[in-house]
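Asker: okay, predicted coordinates and the sequence, questions at the end:
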Amino acid sequence: MPAKPSSLEALRTLSIEEAAREVQVSLATIRNWIKTGYLKTADSGEVYQQSWEVFKQNILGKEKLHFGVNKLFKETTKIQAKRPLIAHWSPNSQGEELGINYQNSLSDSHKNREGIYYTPSWIVSDMFDPIKIRPENIFLDPCCGSGNFIMEALRRGIAPENVYAVDTDIQAIKITKERVKKTFGCELPNVFHADFLEILHLLKQKVSSFDLILTNPPWGKKMDKKVKETYSRQFGCGKSLDSTSLFMGACLSVLKPGGHLSFLMQEAFFNIASFEDIRSQVFEKKIDRLVDYGKVFPGLLTKAQAITLVNQPASDLDKIECRYQNQTYRRSRKSFKNNPKRIFNFWTNSAEAAVIEQLFSVPHTTLKGKAQWGMGIVTGNNQKYCSSSYQPGYIPVYRGSDITPVGFKKPGVYIPEDFSKYQQVAPLERYQAKEKLVYKFITSRLCFCYDDQQQFILNSANLLIPKDLGITAIQLRDLLNSEIINWLYNKLFASHKVLRSDLESLPIHVDYFKKQAKFDEESYLRYLKISRQAGKYTCWV
């Protein structure tokens, strides 16, 4: 982990333009003072604030530099500057274009590496809406980018000196300050060019906690694993090592009791197993709102979704506002409580949540610990090894698209039988099991087929071999292909990838098959005490 800075003051910088404007000299004069050693600069070329203050106090007006500026300095230092009034802001204000232009200038590779996706102003405004704000509130944006959250905080009355922000991008910091200056006519004394996770200990020395924390944290930022593990231990994130999780844990550690936090995040935060530990931490807080904004970032497949919470203990009686695809409904915290992996499936309404609860309330087992698993063959070079027609020494392999609930389609791909050529292969005995289930990996609908012919599969398909489950492989196939289990899978996980951990979370109602050897959808629903009408499921009253 990089060495921690000794103080926040050591991080403060101001541009050459700001320094020149303050004492009314030319840019060339400031650069000359830098060249002659009077001022110290950061790697970014900006002047360190500490160096600037020492220069003004000990050099400017005393040593022979420039008569006019010395005289000006002596006069103006006697005047107490007043804080400027903050003008009304609208999304079309002059500062908005600066941020948009800078965001558009960043390459896709840079955005991906740093996990940067700048938040549209309309989303920022909506994230602020449910929070009651007072001018004396202390606000933090730990990764402020070009300043959209800061602009909204100021517009809603937060005092400039109460705005704290951090970002690793010096150019974004400059643009934020310029936007604020142009739009509101004020300076931001507490905006720092730094890594928030590195300097949090310094922020806590200056401001022990914050009333408001609103941000769009880095999504999947590339970081050294050991660094992530260190931060995870520090902020109680467990196995949740994504940069989103680390920023969430860090921000919760400095959120004032009763304070509000609102994060915009990738949809994986709400339903993927790797985020379970940080979701568990969040679940202990009072959650106010969960919102889906859809796919708002060009070129990015994931949806942008937000959570707003209050730093106070949660109660099962809490009601959570859920917004998904232009529908708004309220769900109890209790309706999320028993979800596997602490999933926040807020795309599911209260009636649907009741059906999910019913499915899990009926005695059941799961596939966890009761199946062997295997992935399809990864050749490492399909163009080289895959043939569309049979050749001597080749064997047929099946892709995800070849799988149907009643069996494989006619094979369309053949590969050499020499498995040592390939990048990754499951143990051969799993492909050659007496019977197994094979399923599509990339799909929004579960699709399993039964195989007792020891067929091989490519990595767009996976396999499982039931062990001591209490039902046959064919019964399990029919259950997993059923309409109600597919409905449950989508209402819980809302994923286009069929993950082992998700399949291991599904309820397997073994007792149903004690009276019903062959699966039947209608009798299964009666067993569960669930009705279906016009494609909608409801519990029996």
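Answerer: Good, I have the coordinates.
Asker: residue 274: what secondary structure?
Answerer: Following DSSP: H, G, I helix; E, B strand; the rest coil, residue 274 is assigned to helix.
Asker: count of residues packed around the residue nearest to it when sequence neighbours are not counted?
Answerer: Distance criterion Cβ to Cβ, 6 or more residues apart in numbering; nearest residue to residue 274, sequence neighbours excluded, is residue 240 at 6.3 Å. (Each C-beta comes from the backbone N, C-alpha and C, glycine too.) Residues contacting residue 240 under the criterion other Cβ atoms under 10 Å number 25.
Asker: phi, psi for residue 240 please.
Answerer: With angles defined as degrees, to the nearest 10, residue 240 sits at phi -80, psi 100.
Asker: likewise for residue 451?
Answerer: Here is the backbone geometry of residue 451 (degrees, to the nearest 10): phi -130, psi 120.
Asker: let's have the chain start at 436 instead
Answerer: Got it, first residue is 436 now, which makes that one residue 886.
Asker: who's it bridged to?
Answerer: Under DSSP bridges, the beta-bridge partners of residue 886 are residue 871.
Asker: quick revisit: I figured the residue nearest to residue 709 hits residue 708, correct?
Answerer: No: contact between residue 675 and residue 708 fails when scored by Cβ atoms under 8 Å: they sit 9.7 Å apart.
Asker: how near is residue 942 to residue 775?
Answerer: Look at residue 942 and residue 775: by Cβ to Cβ, to the nearest Å, they are 9 Å apart.
Asker: same question but for residue 644, I mixed them up
Answerer: For residue 644, the distance to residue 775 - Cβ to Cβ - is 33 Å.
Asker: which of these two has more neighbours?
Answerer: The neighbour count for residue 644 versus residue 775, taken as other Cβ under 10 Å, is higher for residue 775 (19 against 16).
Asker: the more buried one and residue 862: what is the separation?
Answerer: From residue 775 to residue 862 the distance is 28 Å (Cβ to Cβ).
Asker: which residues sit in contact with residue 638?
Answerer: Shown in contact with residue 638 (Cβ atoms under 8 Å, 6 or more residues apart in numbering): 443, 575, 599, 601, 689.
Asker: most surrounded residue in these?
Answerer: Going by other Cβ under 10 Å, residue 575 tops those with 28 neighbours.
Asker: any idea what that one is bridged to?
Answerer: Per DSSP bridges, the residues bridged to residue 575 are residue 599, residue 648.
Asker: look at it and report its pLDDT.
Answerer: Predicted confidence (pLDDT) for residue 575: 98.
Asker: ditto for residue 655
Answerer: Looking at residue 655, its pLDDT is 86.
Asker: tell me which residues of stretch 924-932 are tucked away?
Answerer: Across stretch 924-932, burial judged by 16 or more other Cβ atoms under 10 Å covers 924, 925, 926, 927, 928, 929, 930.
Asker: which of these sit farthest apart?
Answerer: Using Cβ to Cβ, the buried residues of stretch 924-932 span at most 11.4 Å, a distance reached by 926 and 930.
Asker: the strands in the stretch 536-685 of the chain, which residues?
Answerer: 574-576, 598-602, 626-628, 645-650 (DSSP state E, counting those that start in this stretch).
Asker: how about CSV for the ones you listed, with distance to residue 964 added?
Answerer: Shown next, in CSV, are the strands of the stretch 536-685 of the chain (distance: least, Cβ to Cβ, whole Å):
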stretch, distance to residue 964
strand 574-576, 49
strand 598-602, 53
strand 626-628, 58
strand 645-650, 44
